[in-house]
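Engineer: Predicted model and sequence follow; I will ask about them next.
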Protein chains: 2
Amino acid sequence: MNEKRIVTACLIIIGNEILSGRTVDANLPHIAKRLNDKGIRLAEARVVPDIEAEIVGAVNACRARYDYVLTTGGIGPTHDDITSACVARAFGLPFGRHAQAARRLEEFYGDKVNPARMRMADMPEGATLIDNPVSIAPGFMVENVIVMAGVPKIMQAMLENVLPLMQGGDPVVSRTVVVYKAESEMAPVLAALEQDFAGVEVGSYPFFRVGRYGTSVVIRSADAALVDRAAGTFIEQLSTDDVEHEIPQNS
Amino acid sequence: MNEKRIVTACLIIIGNEILSGRTVDANLPHIAKRLNDKGIRLAEARVVPDIEAEIVGAVNACRARYDYVLTTGGIGPTHDDITSACVARAFGLPFGRHAQAARRLEEFYGDKVNPARMRMADMPEGATLIDNPVSIAPGFMVENVIVMAGVPKIMQAMLENVLPLMQGGDPVVSRTVVVYKAESEMAPVLAALEQDFAGVEVGSYPFFRVGRYGTSVVIRSADAALVDRAAGTFIEQLSTDDVEHEIPQNS
């Protein structure tokens, strides 16, 4: 197995609307998968409200702990969009107008420019812009902290533009074996599998489908050959009637 | 405005499958709304992996900080279900077989009982059981920490059974005004609204629908009359052409 250090990231989802249940976050699964493709493991996520002390606290706790911190939300034009100012505060950096971001907004909005829109060009000093081809107002990166919009379409575009700036490791690969048995009946086999193949992670997820119950067994590792060997060993121990099919996937 | 202390909760979502993007969490919005109905505000959420130190750390950080901590996931029968042991560790409590939980499982499984299934009766000493009418294996509560299953149907049933044991405050009520204007054009009005009506929270959420863009403005407070006055003041400042309709809601 490759002994390369695992590269980690933490996602901070910012917004009262997520914590109230009004808006359902759609960004975490997408970010998790795209980071994994790059060999970066999403190791934690937090949802925090639009409160300065909370955002600053979460950014500082997480940037010390993980290789990367990504934030979503709170970089729009209104009073409750305080993420950029909070990131400046977290780093102890001056906060003000980013000349290049300002130019982009002025060009885009023309005579519809207004102070609220121009607020979206206020950033921590020295921030690296992240292009936003959807609605122009850029995200930005300061050291290992990546600040993106919350609207999924915009966030996804920003993420594609920032991924090339990130350093990844080996992507985790996984194989999913669908078994028509209760997970409790396979528990000893699953535990032994994880022990026998050091470096694989074995997860079991029960499901109930029309008329049948079963378990999706997910075998994951950054070492693809090891995943294959572990999956093979697992399948050999099952009756062929119990295994319906195997889903190759990469998450 | 009611000066009752705000009752807060933190949700800890436990599971590698959420952080890999494989499984999309469906519990947060449901929990947020049901807690709010009870007058409890979801103030933070964290997603943590199936790693003992991470779960113990999150439980201890959050139980000190919030009135309630709810966890979802990791209480099934397999080796990666370590939540119950971690909660015991977090409290420094002995961890072992809960007699009543064991009886329920033995009765339910009959001759299909096995060691993996009985693991679901292992809990921190003195835990209060939370009934699970869906699949029997109970959740539990230790002090202010509530431990529930991750499968939404089971989690929802457990939540209904534990809500009567929780102490809430005044529910937050909200009104949503849908405005066909860009949020940046209303930014000063929205900021002034939040300032003029101390105790209301004003959120603005841009949307793009077929052919039109606009903003959902959400006005929230535990004081319903204040929400109404703030919404009235806001609507007066808009042209009637811009306001399509108002969504009464409770989140």
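Structural biologist: Sure, I can see it.

Engineer: where does the residue of the stretch 151-251 of chain A found nearest chain B land in three-state SS?
Structural biologist: With Cβ to the nearest Cβ as the measure, A:Ala187 is the residue of the stretch 151-251 of chain A nearest to chain B, at 3.3 Å. Bear in mind the C-beta positions are built from the backbone N, C-alpha and C, glycine included. Using DSSP: H, G, I helix; E, B strand; the rest coil, the structure places A:Ala187 in helix.

Engineer: in the stretch 1-150 of chain A, which spans are helices?
Structural biologist: A:16-19, A:27-37, A:52-65, A:83-91, A:99-109, A:115-119 (DSSP state H, counting those that start in this stretch).

Engineer: mind checking which of those helices is nearest A:Arg175?
Structural biologist: helix A:27-37 (14.4 Å; Cβ to Cβ).

Engineer: what's that closest one packed up against?
Structural biologist: For helix A:27-37, the helices and strands in contact under the criterion 3 or more Cβ pairs under 8 Å, 6 or more residues apart in numbering or on different chains; DSSP states H and E are strand A:7-14, strand A:40-48, strand A:68-72, helix A:152-162.

Engineer: hey, which of the ones you listed is tucked in deepest?
Structural biologist: strand A:68-72 (a mean of 28; mean count of other Cβ atoms under 10 Å in any protein chain shown).

Engineer: List the strands paired with that one, with their directions.
Structural biologist: Pairing partners of strand A:68-72, with direction, according to DSSP bridges: strand A:7-14 (parallel), strand A:145-148 (parallel).

Engineer: Can you lay out these as CSV showing mean pLDDT?
Structural biologist: Output for the strands paired with strand A:68-72, formatted as CSV (pLDDT from 0 to 100):
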stretch, mean pLDDT
strand A:7-14, 98
strand A:145-148, 98
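
Engineer: now those strands in JSON lines, with distance to B:Ala101?
Structural biologist: Rendered in JSON lines, the data for the strands paired with strand A:68-72 read as follows (distance: least, Cβ to Cβ, whole Å):
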{"stretch": "strand A:7-14", "distance to B:Ala101": "34"}
{"stretch": "strand A:145-148", "distance to B:Ala101": "44"}
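
Engineer: Out of these, the one nearest B:Phe95 is which?
Structural biologist: That would be strand A:7-14 among these, by Cβ to Cβ, at 28.8 Å.

Engineer: who touches the residue lying closest to A:Gln100 once chain neighbours are set aside in this structure?
Structural biologist: Spatial nearest neighbour of A:Gln100, excluding adjacent residues (Cβ to Cβ, 6 or more residues apart in numbering or on different chains): A:Leu129 at 6.2 Å. For A:Leu129, the contact set (Cβ atoms under 8 Å, 6 or more residues apart in numbering or on different chains) comprises A:His98, A:Gln100, A:Ala101, A:Pro138, A:Gly139, A:Phe140.

Engineer: A:Gly96 reaches A:Arg119, doesn't it?
Structural biologist: No: applying Cβ atoms under 8 Å, one finds A:Gly96 not in contact with A:Arg119, separated by 11.1 Å.

Engineer: For the two, indicate the residue with more neighbours.
Structural biologist: A:Arg119 (21 against 12; other Cβ atoms under 10 Å in any protein chain shown).

Engineer: picking that back up, of all the helices of the stretch 1-150 of chain A, which lies closest to B:Lys38?
Structural biologist: Nearest of these to B:Lys38, taken as Cβ to Cβ: helix A:16-19 at 15.1 Å.

Engineer: so does the closest one get close to chain B?
Structural biologist: Yes: judged by Cβ under 8 Å from any Cβ of the partner chain, helix A:16-19 comes into contact with chain B through A:Asn16, A:Glu17, A:Ile18, A:Leu19.

Engineer: List the residues that contact the residue nearest to the residue of the stretch 151-251 of chain A closest to chain B when sequence neighbours are not counted.
Structural biologist: Sequence neighbours aside, B:Ala116 is the residue nearest to A:Ala187 in space, at 3.3 Å (criterion: Cβ to Cβ, 6+ apart). Contacts for B:Ala116 (Cβ under 8 Å, 6+ apart) come out as A:Glu183, A:Ser184, A:Glu185, A:Ala187, A:Pro188, B:Pro77, B:Thr78.

Engineer: farthest-separated two in those?
Structural biologist: Counting by Cβ to Cβ, the most remote pair of those is A:Glu183 and A:Pro188, 11.2 Å apart.

Engineer: So if I had to pick from these two, which one is more boxed in?
Structural biologist: Neighbours per residue, other Cβ under 10 Å: of A:Glu183 and A:Pro188, the larger number sits with A:Glu183, 25 against 14.

Engineer: shouldn't A:Glu143 be in contact with A:Arg63?
Structural biologist: Yes: A:Glu143 is in contact with A:Arg63 according to Cβ under 8 Å; the separation is 7.2 Å.

Engineer: between these two, who's got more neighbours?
Structural biologist: Between A:Glu143 and A:Arg63, counting by other Cβ under 10 Å, A:Arg63 is the more crowded of the two (20 against 15).

Engineer: Leaving out chain neighbours, which residue sits closest to that one?
Structural biologist: Using Cβ to Cβ, 6+ apart and skipping residues adjacent in sequence, the residue nearest A:Arg63 is A:Val69, 4.8 Å away.

Engineer: roughly how far apart are the one you found and chain B?
Structural biologist: 14 Å (Cβ to the nearest Cβ, to the nearest Å).

Engineer: Tell me, how many residues neighbour A:Arg209?
Structural biologist: So A:Arg209, with other Cβ under 10 Å, has 9 neighbours.

Engineer: so what pLDDT did it get?
Structural biologist: Listed pLDDT for A:Arg209 reads 75.

Engineer: what's the domain layout of chain A?
Structural biologist: According to automatic domain parsing, chain A comprises the domains A:7-165, A:173-249.

Engineer: Flag whichever of those domains has the least confidence on average.
Structural biologist: domain A:173-249 (a mean of 88).
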